[in-house]
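Novice: next comes the sequence, and after it the predicted model I'd like to discuss.
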Amino acid sequence: MENQNQSHSNENDIKTEKGNEQEQQQLKISEEEEEIGTEINDGQVTKSDVEFIKEFLENKPKEFIEFLNNNNIPLDSYNISSIPRFIRIKPNNNNNNNNNGNELISIIESEIKTKLIPLNWLPNFYKLEDSSVNISSSKSYKSGIFYGMDASSGAAILALNPKPGDNVLDICCAPGTKLCMISDLLEGNGTITGVDISESRLGTCKTILKKYKIPNARLFICDGTKFNSLAPNSSETIPMEKVQAKKKLKLNNNNNITTTTTTTTTTSINNFKEKEDEKEDEKEDEKEDEKEDEKDNNNNNNNNNNNNNNNNNNNNNNNNNNNNNNNNNNNNNNNNNNNNNNNNNSIVSDLVEKKRKSKRASKKKTFDLEDLYFCNTFFMRYSVGGGLYDKVIVDAECSLDASIRHLLKYSKISRNLDLEKSKQLINLQKGLIENGFKLLKPGGHLVYSTCSFSKDQNESVVQYLLNKYPDTSKLIPSFTTQNDIIIPFSPGFIENTFRFYPKNGTSGMFISKIEKIK
Ligand SMILES: C[S@@+](CC[C@H](N)C(=O)[O-])C[C@H]1O[C@@H](n2cnc3c(N)ncnc32)[C@H](O)[C@@H]1O
């Protein structure tokens, strides 16, 4: 099985955009990351994938069966005859109601050499008739017209229902597929704030943001249980060409920042050292300070000159009145002027120093726990303070047992299934959902999703939040069903929670939606 896994990971090599070499280096995703970030892979289903999954499901490993039993997950949840694969066409390219839309679909079909079957319950999503085709070499894929995304992930965003003008917070955002869909639904009006703890996964997210030209988005590298920047204020936005909002962080030791326990992530976050940027910032600060000093000095000199001029005038008058006293007066006046100038200078430099100190302190404060990693387009560097978020999605780190693509690399997810790891995950998930809820506006909606079927990581986490905030939180339906449109979900273990099972034709997913009562 190990060998098979090896071959899967080779076949699923990341095929992200080809930027310049430096960029690529930065975005290179480790094997660990690649395993999780399958949505940005081509997603091509190979013959060996099909064979592997068939064999896996026929002879489920013992610990997997135990996990399913412990979590009341029906054994038939994974009954599949093929591995489904979907794409999403970005809506501005996809006007399905007219000929141009149909024309585009035909073009894509001919490029990727399979038929696209539209999903009537999920706009802009298509199932690939043949899952084994390659999509990443097609022209339309390369130019960002469509991307691979599982329908169950799309369902989470359908539940979130972002609307133009919303400020959306995406906690656990990397590699960024959901973020991409959120952006489309905002139609360029509104903002997205993505938070993730993994720098390398955020690197992929950054590529996606760039490729799909996602506007008004910022990415923070931060522990989502601690993140506390408010939504950006639209009045803080400035034109794109003026923005230089890019922050590259460095780890100062070999900590594994993707570790998911709350305690270790916190330590890891505190271990980020902004070496290069710190230096750059200091230089920038110094330059700014110098400029300000220069300005202040000029002002002082002007004031002093004015004083001197006035004094000279007075002296001239005195000259006219009493020549004998002139020299004395002159001397006294000059002394007084010098004293005044010295006093003025020291007051000014105290003020300048105070201003500098508070400026530095405020920067430090902003970056104690979180760092703006990348900012696409409009936000001012370090801008904070617009208010709570209209919509929050917490697509939490989980044991990944529901996802077919992750089952393909079973040997790597099997380590998530033991009790100790589960406990760590559950603690993390509780921290993530609670923090997301704190950052949500009254009247706003939070979607909590995972690609696990574990009750402890799903319904129990949601119940934890409901119990902790009984007066302000309530579960509401994730989907509004329309007449003849059937969304392929099954009910979860508590009312208004939903599960997408592979047996119903998508990858596995848990979805719930919570309203913050006003
Ligand atoms: C299921 S993936 C998210 C997928 C993503 N929403 C998407 O649609 O592309 C879970 C993410 O949680 C991140 N993560 C793990 N622990 C975290 C923490 N404490 N704070 C923030 N993100 C965390 C992982 O790095 C990973 O990127």
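Specialist: Nice, I can see it. Residues are numbered from 1 along each chain as shown.

Novice: can you name the residues of the stretch 301-450 of the chain that neighbour the ligand?
Specialist: Within the stretch 301-450 of the chain, the positions near the ligand by Cβ under 6 Å from any ligand atom are 395, 397, 428. In short, each C-beta sits where N, CA and C put it, glycine included.

Novice: what sits up against stretch 51-66?
Specialist: With Cβ atoms under 8 Å, 6 or more residues apart in numbering as the test, stretch 51-66 has contacts from 4, 8, 68, 75, 78-80, 83, 401, 404, 407-408, 410, 414, 417-418.

Novice: got it, and stretch 478-490?
Specialist: Residues contacting stretch 478-490 (Cβ under 8 Å, 6+ apart): 120-122, 155, 158-159, 447, 496, 498-501, 504-506, 511-513.

Novice: go with 6 Å
Specialist: Stretch 478-490 has contacts (Cβ atoms under 6 Å, 6 or more residues apart in numbering) with 120, 121, 159, 498, 499, 500, 501, 504, 505, 511, 513.

Novice: flag the shaky bits of the protein, pLDDT-wise.
Specialist: 1-41, 93-100, 233-370, 377-386 (pLDDT under 70).

Novice: if we go to 80?
Specialist: In the predicted model, the chain carries pLDDT under 80 at residues 1-43, 92-101, 233-386, 411-413, 481-483.

Novice: tell me which element residue 105 is part of?
Specialist: Per DSSP states H and E: residue 105 is located in helix 99-112.

Novice: other SSEs contacting whatever helix or strand comes next after that helix?
Specialist: Note on helix 99-112: by DSSP H and E, the next helix or strand toward the C-terminus is strand 116-118. Strand 116-118 is packed against strand 125-128, with contacts defined by 3 or more Cβ pairs under 6 Å, 6 or more residues apart in numbering; DSSP states H and E.

Novice: adjacent strands (with direction) for the strand it packs on?
Specialist: strand 86-89 (antiparallel), strand 116-118 (antiparallel) (DSSP bridges).

Novice: looking at those strands, which is buried most?
Specialist: For these, the largest average neighbour count (mean count of other Cβ atoms under 10 Å) is found in strand 86-89, namely a mean of 23.

Novice: what strand or helix carries the residue of the stretch 401-518 of the chain at minimum distance from the ligand?
Specialist: Nearest to the ligand, among the residues of the stretch 401-518 of the chain, is residue 428, at 5.7 Å (Cβ to the nearest ligand atom). Here residue 428 sits within helix 419-438, counting by DSSP H and E.

Novice: what does that helix contact?
Specialist: Here helix 419-438 has contacts from 171, 224-225, 260-262, 392, 394, 396, 446, 448, 456-457, 461, 464-465, using Cβ under 6 Å, 6+ apart.

Novice: let's go with 7 Å and repeat that
Specialist: Contact partners of helix 419-438, identified using Cβ atoms under 7 Å, 6 or more residues apart in numbering, comprise 169, 171-172, 224-227, 260-262, 392, 394, 396-399, 415, 446, 448, 454, 456-457, 461, 464-465, 468-469, 473, 516.

Novice: what bridges to residue 476?
Specialist: Beta-bridge partners, per DSSP bridges, of residue 476: residue 513.

Novice: which residues are in contact with it?
Specialist: Residue 476 sits next to 496, 513, 515 when contact means Cβ under 7 Å, 6+ apart.

Novice: the last one - how many residues pack around it?
Specialist: Think residue 515. Other residues lying near residue 515 total 16 when counted by other Cβ atoms under 10 Å.

Novice: and it, that one's in a strand?
Specialist: Yes. Using DSSP: H, G, I helix; E, B strand; the rest coil, the assignment for residue 515 is a strand.

Novice: picking up where we left off before, narrow the contacts of stretch 478-490 to those in strands?
Specialist: Applying DSSP state E to the contacts of stretch 478-490, the entries found in strands are 498, 499, 500, 511, 513.

Novice: neighbour-wise, which of the residues you listed leads?
Specialist: Among these, residue 500 has the most neighbours (other Cβ under 10 Å), with 28 neighbours.

Novice: report the contact partners of it.
Specialist: Applying Cβ under 7 Å, 6+ apart, we find residue 500 in contact with 152, 155, 488, 489, 506, 508, 509.

Novice: do residue 75 as well
Specialist: The contact partners of residue 75, by Cβ under 7 Å, 6+ apart, come to residue 68.

Novice: for it, give its distance to residue 442.
Specialist: Distance of residue 75 to residue 442, computed by Cβ to Cβ, to the nearest Å: 42 Å.

Novice: who does the longest strand seen in the chain pair up with?
Specialist: In terms of residue count, the longest strand belonging to the chain (DSSP E) is strand 440-450. Applying DSSP bridges to the sheet, strand 440-450 is found paired with strand 389-395 (parallel), strand 509-516 (antiparallel).

Novice: let me know how buried residue 220 is, in neighbour terms.
Specialist: Residue 220: 25 surrounding residues under other Cβ under 10 Å.

Novice: mind giving me the packing neighbours of the helix or strand it falls within?
Specialist: Using DSSP H and E, residue 220 maps to strand 217-222. When contacts are defined as 3 or more Cβ pairs under 7 Å, 6 or more residues apart in numbering; DSSP states H and E, strand 217-222 sits against strand 191-196, helix 199-211, strand 370-376.

Novice: out of the contacts of stretch 51-66, which end up buried?
Specialist: Among these, those buried by neighbour count (16 or more other Cβ atoms under 10 Å) are 4, 8, 68, 78, 80, 83, 401, 404, 407-408, 410, 414, 417.

Novice: just put those in TSV and tack on secondary structure.
Specialist: Listed next are those as TSV, based on three-state DSSP:
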residue	secondary structure
4	helix
8	helix
68	helix
78	helix
80	coil
83	coil
401	coil
404	helix
407	helix
408	coil
410	helix
414	helix
417	helix
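
Novice: adding distance to residue 46, write those out as a markdown table.
Specialist: Formatted as a markdown table, the buried ones among the contacts of stretch 51-66 follow (distance: Cβ to Cβ, whole Å):
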| residue | distance to residue 46 |
| --- | --- |
| 4 | 11 |
| 8 | 8 |
| 68 | 26 |
| 78 | 19 |
| 80 | 16 |
| 83 | 10 |
| 401 | 22 |
| 404 | 13 |
| 407 | 15 |
| 408 | 10 |
| 410 | 16 |
| 414 | 21 |
| 417 | 25 |
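
Novice: circling back: hey, which of the helices and strands packed on strand 217-222 is tucked in deepest?
Specialist: The highest mean neighbour count among the helices and strands packed on strand 217-222, using mean count of other Cβ under 10 Å, belongs to strand 191-196: a mean of 29.

Novice: circling back to that earlier point, need the helices and strands packed on strand 217-222 in TSV (columns: distance to residue 138).
Specialist: Below are the helices and strands packed on strand 217-222 laid out as TSV (distance: least, Cβ to Cβ, whole Å):
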stretch	distance to residue 138
strand 191-196	27
helix 199-211	14
strand 370-376	25
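
Novice: right, and residue 88 touches residue 125 too?
Specialist: Yes. The criterion here is Cβ atoms under 7 Å, and residue 88 meets it with residue 125 at 5.3 Å.
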